[in-house]
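Trainee: Just to be clear, the model below is a prediction. Sequence and coordinates:
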Amino acid sequence: MGGSRGSSGDALSRIFELQRGLAGMMDTERYPGGAEERVSALCTAIIHEAVELQRTTNWKWWKAKTSFNEAEAREELIDVWHFVVQAAIELGMTPDDILAEYERKHAINIDRQKDGY
């Protein structure tokens, strides 16, 4: 795996640690039993949190513009992260796996941009 991990790798490891702790505190009675079902449920949560993040912006061009609340946007973005990290955990991924997959897909995206994708 390439790239310098430094404190970023430590930060992502800490995020995974915190998420595992939070997940361990939750009542899982209604949480789906299989990995596929759990990832699907987490996708739904990610979508809804992303909509909440979008609502912090002035995406409705037909409405009067309001001031952007960056603190609220950051909080909604972190809600997205909670579910993304939980999905990664459900898929058996580690912070190193995240970096490796990111680097792999990043290289594809770079090639796509070079090729006029």
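Mentor: Cool, the structure landed. Residues are numbered from 1 along each chain as shown.

Trainee: Could you use CA atoms for every contact and neighbour count after this?
Mentor: Will do.

Trainee: Contacts only, for Leu12.
Mentor: Residues in contact with Leu12, defined by CA atoms under 8 Å, 6 or more residues apart in numbering, are Pro95.

Trainee: Give the burial count for Glu90, as a bare number.
Mentor: Residues contacting Glu90 under the criterion other CA atoms under 10 Å number 15.

Trainee: Revised request: answer the last question for Lys60.
Mentor: Lys60: 10 neighbours (other CA under 10 Å).

Trainee: Next one: it relative to Glu90, how far apart?
Mentor: 35 Å (CA to CA, to the nearest Å).

Trainee: again with Ala100
Mentor: From Ala100 over to Glu90 (counting by CA to CA), the distance is 17 Å.

Trainee: and what of Glu70?
Mentor: Distance from Glu70 to Glu90, by CA to CA: 30 Å.

Trainee: and what of Gln54?
Mentor: Computed as CA to CA, the Gln54 to Glu90 distance reads 26 Å.

Trainee: mind listing the helices for the protein?
Mentor: Remark: helices assigned in the chain by DSSP state H are 6-25, 35-54, 70-90, 95-114.

Trainee: of these, which approaches Ala64 most closely?
Mentor: Minimum separation from Ala64 across these (CA to CA) falls at helix 35-54, 15.9 Å.

Trainee: Just the mean pLDDT for stretch 60-67, thanks.
Mentor: Across stretch 60-67, the average pLDDT comes to 95.

Trainee: Equivalent analysis for stretch 78-89, please.
Mentor: 98.

Trainee: Please enumerate residues in contact with it?
Mentor: Outside stretch 78-89, the residues that touch it by CA under 8 Å, 6+ apart are 15-16, 19-20, 23, 38-39, 42-43, 45-46, 49-50, 94, 98.

Trainee: least confident pick among the residues you listed?
Mentor: Where pLDDT dips furthest among the contacts of stretch 78-89: Ala23, at 92.
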